[in-house]
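Student: Starting from these lines, generate the structure:
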Amino acid sequence: MAIRKHPTKKGWWQIVISQGRKKPQKVYTFQGSEAEARGTEAEIRGIPLESANHKVVELANSFFDWYAIHRAPKTYTECLRSFALLIPILGDRHLSYLHQNDYDRYKTKRLDDGVCKRTINIELVYFRAFLAWCKDHNYICGAAPKLFEKKYTRPKLPVVLSKVELSKFLDKLKGDKKTIATLMAHCGLRRNEALTLNVENIDIENGLLRITGKGGKTRLMPIVGETLKSALQEAIEGKARVEYVFINKDTGQPYKNIRRTLKHTAKGVGINKRIYNHLLRHTFGAAAVSARVQQRAIQDMMGHADGRTTQMYTQVAAEVISTEALKLSAYLSEKSDLPDTNKTSD
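Tutor: Residues are numbered from 1 along each chain as shown. Below is the predicted model of the structure:
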């Protein structure tokens, strides 16, 4: 904050003005209310006084207009969704008066709604982006929200499919949906990357996929297995380079989601785990670790910006191996009904 209470004088404030990284800060003392201190700070900094008096709700739409231009459509949609929850609690607060107590009230409300701390952090990150935009446009802002610590927001490790389960699962699927599921499970594609794959993204001759993922980053992914290569060759037959590979015959558009098919198929082959699109990508990550693929290669293939995300699959693979080992141990410890072949007959 640029305004802070004076450490010894009650009713006094310290106004801190930064002069740059290598220059000492200037500190002014002021007696009066917090609002008056902020007004004085604005005057010192050469910012119009009205910049200190806006409410959150008064600037939100301008921020949304900017955000729509500078962020991906999905990120913009998530921002709007988060602000629909933030505005009822923070919307009437003046920017310059924002305090951690305001954010604590929001956290408490969302926890009471049964929302996990990780989701609340994501929502508050969008508010942080709003405050950063406000500061860039010379609006005086109070405190930015403190997030829940990482130790409270780590996602649970996914329960992935074993090698046997995955084989049974994919064998049961048919047509385009089998190819889409295989792309996620054998190549680590995200749901939308697989569903909206273009013909021009596929290089059959060299056995490569060119995938544009999060943040517009492009990566190369090998087409794993001759069966998948043949299925993709058949899927793109007769299609133009700019066409989608997989089209829902009912809508004439790419599939939006195939989760219902995945759940029905898993149930049909006796898999009781929670099944969803991204689970197949998780299964790929765990399988790559189990196959001793180098972590850097896995990170590149999956398009992870941070190697720590990839490290999760080391833990997942270890859990899978331990679970399978327990099954083997239980099997070997059972009394066998088979005759003892070491015994000699009379």
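Student: any idea which helix or strand carries the residue positioned nearest the centre of the chain?
Tutor: Taking C-alpha atoms, centre = their mean, the centroid of the chain lies closest to I122, which sits 9.1 Å from it. Taking DSSP states H and E as the criterion, I122 maps to helix 117-136.
Student: Now tell me what touches stretch 107-123 from outside.
Tutor: 78, 82, 85-86, 89, 106, 124, 147-148, 152-155 (C-beta atoms under 8 Å, 6 or more residues apart in numbering). The way it works is simple: take the backbone N, C-alpha and C, and place the C-beta from them, glycine included.
Student: Restricted to helices, list these.
Tutor: Of those, the ones assigned to helices by DSSP state H are E78, S82, L85, L86, I89, Y106, L124.
Student: Could I have the buried ones of those residues as PyMOL selection syntax?
Tutor: Filtering those down to the buried ones (16 or more other C-beta atoms under 10 Å) takes a single PyMOL command:
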select buried, resi 82+85+86+89+106+124
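Student: farthest-separated two in the ones in helices among the contacts of stretch 107-123?
Tutor: E78 and I89 (18.2 Å; C-beta to C-beta).
Student: Return, as residue ranges, the portions of the chain with sub-threshold pLDDT.
Tutor: 1, 19-20, 35, 42-43, 45-52, 155, 318-346 (pLDDT under 70).
Student: residue ranges for the helices of it, please.
Tutor: For the chain, the helices defined by DSSP H occupy 34-45, 56-70, 73-90, 100-112, 117-136, 163-172, 175-187, 191-195, 226-236, 259-268, 277-290, 295-302, 307-333.
Student: The closest residue to V160 other than its chain neighbours: how many residues sit nearby?
Tutor: Using C-beta to C-beta, 6 or more residues apart in numbering and skipping residues adjacent in sequence, the residue nearest V160 is T283, 4.3 Å away. T283 has 26 neighbouring residues, counting by other C-beta atoms under 10 Å.
Student: Quick check: T283 touching L161?
Tutor: Yes - if you go by C-beta atoms under 8 Å, T283 and L161 touch, sitting 4.8 Å apart.
Student: Need the residues touching each of the two.
Tutor: In terms of C-beta under 8 Å, 6+ apart, T283 and L161 are both contacted by the residues A185.
Student: Now the helix holding I122: buried residues?
Tutor: In helix 117-136, counting by 16+ other C-beta under 10 Å, buried: K117, I120, N121, E123, L124, Y126, F127, A129, F130, L131, W133, C134.
Student: I'd like these as TSV, with distance to L228 appended.
Tutor: Below are those laid out as TSV (distance: C-beta to C-beta, whole Å):
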residue	distance to L228
K117	39
I120	40
N121	37
E123	38
L124	41
Y126	38
F127	43
A129	39
F130	44
L131	46
W133	44
C134	49
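Student: contacting residues for L232?
Tutor: T179, I202, I204, I223, V245.
Student: Distance of the residue lying closest to G225 once chain neighbours are set aside relative to N277?
Tutor: Distances taken as C-beta to C-beta, 6+ apart put H186 closest to G225, at 6.1 Å, once the chain neighbours are dropped. Counting by C-beta to C-beta, to the nearest Å, the gap from H186 to N277 is 14 Å.
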